[in-house]
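>>> Fold the following for me, if possible:
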Amino acid sequence: MKRFFEHHVPHMPQRMFDTVADLEDYPRFVPNCKAMEVRPDPAAAAADTVLARMTLFFGPITQAYTSRVINDRVGMTIKAKAVDGPFAYLDSVWSFEQEGMGTRVRFEVDFKISNVLIAAVAEPAFAAKQAEIIQAFVDEADRRYGD
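Residues are numbered from 1 along each chain as shown. The predicted structure follows:
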């Protein structure tokens with residue numbers, strides 16, 4: 001299920017990049033994020049690539065998955081690809097582009113849940129949640145940098 005979101009925010013690209021790249025802080029402000037563990041990726045030569053294990057909860061269901069996250073400060077993108085968990089695949093890309101006195105934030109996510117029965121219920125709910133998650137990052141940037 002491929003989804004694309006775009007939003008203009010009144011913060012500069014580096015600040016938005018830093019907000020999204022601050023993985024350890026996600027449990028504090030990202031909806032349904034219960035925990036986040038970040039560690040170096042032993043398969044990557046670059047320090048800008050980490051493994052991030054996110055634990056999500058939806059009602060009584062708790063599920064964790066690990067993504068390989070690549071932070072490209074020069075290209076102003078953050079890419080994540082699930083390497084385990086309930087997804088057949090999950091790929092996402094954040095990009096940040098100067099727009100006036102703010103930033104055009106773009107978020108693309110493409111995913112499929114492995115279990116067909118769970119996917120029928122969870123995929124639409126997960127997709128619908130993405131707009132709320134984008135707003136959480138905007139709200140967090142407002143909190144950190146003022147609006």
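>>> Could you report the neighbour count for Val9?
Taking other CB atoms under 10 Å as the criterion, the count of residues near Val9 is 22. Just so you know, the C-beta spots here come from the backbone N, C-alpha and C atoms, and that holds for glycine as well.
>>> residue contacts, it?
Val9 makes contacts with Met16, Gly102, Thr103, Val105, Val138, Ala141, as judged by CB atoms under 8 Å, 6 or more residues apart in numbering.
>>> Need the residues that contact stretch 116-124.
Met1, Phe58, Pro86, Phe111, Lys112, Ile113.
>>> swap in stretch 47-56?
Applying CB under 8 Å, 6+ apart, the contact partners of stretch 47-56 are 23, 26, 32-41, 62-73, 80, 83.
>>> where in this protein is pLDDT low?
Low-confidence segments of the chain, defined by pLDDT under 70, are located at 121, 123, 126-127, 147.
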